[in-house]
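Participant: The following comprises the amino acid sequence and a computationally predicted model.
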Amino acid sequence: MSKTSPTTPHRMDPAGGCPHADNARLLARGAVTPVVLPGEVAGIAVLGHDALREFLAHPDVAKGAEHFTALREGHIPDGWPLMTFATVQGMTTADGADHRRLRALVSKAFTARRVDELRPRVETVTAELLDGLEAAAAGSGGTADLRRHFAMPLPMGVICGLLGVDTEYADRLHRLSHRVVATDIGPEEAMAANKELVEVLSAVAAARAADPGDDLTSALIAAREEDGDRLSRHELLGTLLLVIIAGHETTLNLITNAVRALCAHREQLALVQDGKASWADVVEETLRWDSPVSYFPFRYPTKDLTLHGTVLPRGTPVLAGYSAAGRDKAAHGPDADRFDLTRGTASRHLSLGHGPHYCLGAPLARMEATIALERLFTRFPELDLAVPEAELPRHASFVGNSVEKLPVRPRP
């Protein structure tokens, strides 16, 4: 990314990459900074922990695309790589009563009881995938891609089960949702990916309408049929899209980033293996230190808003800088860049959100990641990366924060 002066907007790199060096430089400028989004769209990023916490719960901040001035005035072209984040109809772009209505419909699938009922399934799938990871490594010289064989199919399988999605759609949905969160694709590819995703989700909804089950998709369809005003077709598809992306992409990144962190900090792994720290500590410190989401689009001030000394003009698209907030020294101390399971303040992170849009799936993500990491390193206590960290290919996105592949040596 290009260097910026204190008065020059930071140009977001569509190719993504590791965000932490840029985040540190931007935080040195202030908690809030102007940015240039793909397509030369002016925006703002909120980076500081305290500023982000205030912003996420501010009453004069909205999620609905009608508040996006440049979009409303026709300045955003079709195929803009971030268009889906702005225009998809569902909880992530709803405010007030609409948001409460949609959240109430989905929240039933993520109660503490429902999540706890999923634990045996998560444990069984984890064991099966660890067998598969070991077999894949045995068949390819002792190395295997942990993302492909373990970190992706675990949350994807769980979320497909929650939604009643046939397994035949899993790989396709992962590929398409991965394109949706990419920020480096062109207009034609973006529109094609979104069109195909709508077709797949429509097929999923049609299958569940024809053969309802004890799953979230069937429940949402039933709610729509009982009262057509409660859930439109676009809201149904948008909600499915949200649950699929948020339900597997973020957990996939969380597991991947935690494994990378532990492999790079063997002394921290030893603390867990010796019982001096817990696997829950690993999950929370990873969420803080290397958030699964770097910058999440969008929120909009509904009036000119001053936040930590910076004016956010009404209708400006604002990015929530989760990865930057996680390493904000003002909130986490001068050693915020250090991965430390004994820190004791990791619970203050904002990586699962804050305020009315706090992540509904947080308990499920925590449970999946905790089980996955514990079973992985119990089975393979000497597991290590097969290539240097610097050679791992990064996400081509400034939204998702992880690597595309994670070759490991799973040694029992």
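Facilitator: Noted; the coordinates are in hand. Numbers count the residues shown, from 1 in each chain.
Participant: what helix or strand is the spatially most central residue of the chain on?
Facilitator: Centre of the chain computed as the mean C-alpha position; nearest residue by C-alpha atoms, centre = their mean is T250, 3.4 Å away. Using DSSP states H and E, T250 sits within helix 250-264.
Participant: How about that helix, which residues are buried there?
Facilitator: Buried residues in helix 250-264, counted by 16 or more other C-beta atoms under 10 Å: 250-263. The way it works is simple: take the backbone N, C-alpha and C, and place the C-beta from them, glycine included.
Participant: One more: stretch 403-412?
Facilitator: Result for stretch 403-412 [16+ other C-beta under 10 Å]: buried residues V403, L406, P407, V408, P410.
Participant: pLDDT of that stretch, averaged?
Facilitator: Mean pLDDT, computed over stretch 403-412, is 92.
Participant: cool, stretch 16-31 as well?
Facilitator: For stretch 16-31, mean pLDDT is 94.
Participant: same deal with stretch 48-67?
Facilitator: For stretch 48-67, mean pLDDT rounds to 97.
Participant: How far does that stretch stretch from one end to the other?
Facilitator: 24 Å (C-alpha to C-alpha, to the nearest Å).
Participant: just for the stretch 301-412 of the chain, where's the confidence low?
Facilitator: Where the stretch 301-412 of the chain drops to pLDDT under 70, the residues are 345-347.
Participant: can you pull out the helices in it?
Facilitator: All helices of the stretch 301-412 of the chain, identified by DSSP state H, counting those that start in this stretch, fall at 322-326, 329-332, 362-379.
Participant: From the chain's centroid, how far away is the first one?
Facilitator: The one in question is helix 322-326. 13 Å (C-alpha atoms, centre = their mean, to the nearest Å).
Participant: what packs against that helix?
Facilitator: Packing contacts for helix 322-326, counted by 3 or more C-beta pairs under 8 Å, 6 or more residues apart in numbering; DSSP states H and E, involve helix 20-29, helix 49-56, helix 279-289, strand 295-301.
Participant: One more pass at 10 Å, please.
Facilitator: helix 20-29, strand 41-46, helix 49-56, helix 279-289, strand 295-301, helix 329-332 (3 or more C-beta pairs under 10 Å, 6 or more residues apart in numbering; DSSP states H and E).
Participant: how about the strands of the stretch 1-150 of the chain, start to end?
Facilitator: 10-11, 32-37, 41-46, 61-62, 144-145 (DSSP state E, counting those that start in this stretch).
Participant: could you dump those strands to TSV with mean neighbour count?
Facilitator: Formatted as TSV, the strands of the stretch 1-150 of the chain follow (neighbours: other C-beta atoms under 10 Å):
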stretch	mean neighbour count
strand 10-11	18
strand 32-37	22
strand 41-46	23
strand 61-62	22
strand 144-145	22
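Participant: got those as CSV, with distance to P363 columns?
Facilitator: What follows is the strands of the stretch 1-150 of the chain, written out as CSV (distance: least, C-beta to C-beta, whole Å):
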stretch, distance to P363
strand 10-11, 34
strand 32-37, 31
strand 41-46, 26
strand 61-62, 25
strand 144-145, 28
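Participant: Relative to E196, which of the helices of the stretch 301-412 of the chain is closest?
Facilitator: For E196, the closest of those is helix 362-379, at 26.3 Å, according to C-beta to C-beta.
Participant: For the closest one, which helices and strands make contact with it?
Facilitator: By 3+ C-beta pairs under 10 Å, 6+ apart, helix 362-379 packs against helix 112-138, helix 153-163, helix 250-264, helix 266-273, helix 279-289.
Participant: D328: what's its closest spatial neighbour, skipping adjacent residues?
Facilitator: Counting by C-beta to C-beta, 6 or more residues apart in numbering, D328 lies nearest to H49, which is 4.3 Å off, once chain neighbours are set aside.
Participant: Present the helices and strands packed on helix 362-379 as a markdown table; the columns should include mean pLDDT and distance to V243.
Facilitator: A markdown table is the format used below for the helices and strands packed on helix 362-379 (pLDDT from 0 to 100; distance: least, C-beta to C-beta, whole Å):
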| stretch | mean pLDDT | distance to V243 |
| --- | --- | --- |
| helix 112-138 | 93 | 13 |
| helix 153-163 | 91 | 6 |
| helix 250-264 | 97 | 11 |
| helix 266-273 | 97 | 31 |
| helix 279-289 | 97 | 20 |
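Participant: Let's have the ones you listed in CSV, adding distance to L352.
Facilitator: Shown next, in CSV, are these (distance: least, C-beta to C-beta, whole Å):
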stretch, distance to L352
helix 112-138, 14
helix 153-163, 14
helix 250-264, 8
helix 266-273, 21
helix 279-289, 7
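Participant: what's the closest of those helices to G90?
Facilitator: helix 153-163 (13.6 Å).
Participant: Could you list the buried residues of that closest one?
Facilitator: Those would be P153, L154, P155, M156, G157, V158, I159, C160, G161, L162, L163, for helix 153-163 by 16+ other C-beta under 10 Å.
Participant: just checking, what packs against that helix?
Facilitator: Going by 3+ C-beta pairs under 10 Å, 6+ apart, helix 153-163 lies up against helix 112-138, helix 170-180, helix 187-210, helix 216-226, helix 233-244, helix 250-264, helix 362-379.
Participant: deepest of the ones you listed, which one?
Facilitator: Ranked by mean neighbour count, those are led by helix 250-264 with a mean of 24 (mean count of other C-beta atoms under 10 Å).
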